[in-house]
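Student: no sequence for this one, just the structure:
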């Protein structure tokens, strides 16, 4: 997985090195405050305790937008702003839509060494199945 240093909803730095030593899901989504994205992240929030894996939810929204969304809809994981350079991390992970200027619906299953073990992508407006996360939580 490419290196990154981005801000979460609290304005705290989140780096690739923070993920080393334990598996994680990196979940790219297009925009905060949208119904499909909110629904997906709510499902992940409900499943997070059972999954037992760190989750980074990444969008190209600016950090203040993610902070406001977190106040309105708190979730037990980091909402990460891939805002500047705009979508740089999403681009490095082949999860950026050049037409819309936003992240695509791509999720990565990352092992404790930081290697991407699996990837899923769904079409715009289509939620990713929670079963994919459950399966990869067992495998990682």
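Tutor: Here it is on my side, so go on. Note that the coordinates shown come from a computational prediction; the quantities given were computed from them, not determined experimentally.

Student: switch to C-alpha atoms for all contacts and neighbour counts from now on
Tutor: Fine.

Student: So the residue of the chain positioned farthest from its centre: helix, strand or coil?
Tutor: Of all residues in the chain, residue 99 sits farthest from the chain's C-alpha centroid, using CA atoms, centre = their mean; the distance is 20.1 Å. For residue 99, the secondary structure call by DSSP: H, G, I helix; E, B strand; the rest coil comes out as coil.

Student: what's the pLDDT at it?
Tutor: What the model reports for residue 99 is a pLDDT of 96.

Student: Show the residue spans covered by the strands in this structure.
Tutor: For the chain, the strands defined by DSSP state E cover 5-8, 13-15, 24-28, 54-59, 78-81, 96-97, 102-103, 105-110, 116-122.

Student: is it possible to export the ones you listed to TSV including mean neighbour count?
Tutor: Formatted as TSV, those follow (neighbours: other CA atoms under 10 Å):
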stretch	mean neighbour count
strand 5-8	20
strand 13-15	15
strand 24-28	24
strand 54-59	23
strand 78-81	26
strand 96-97	20
strand 102-103	26
strand 105-110	24
strand 116-122	15
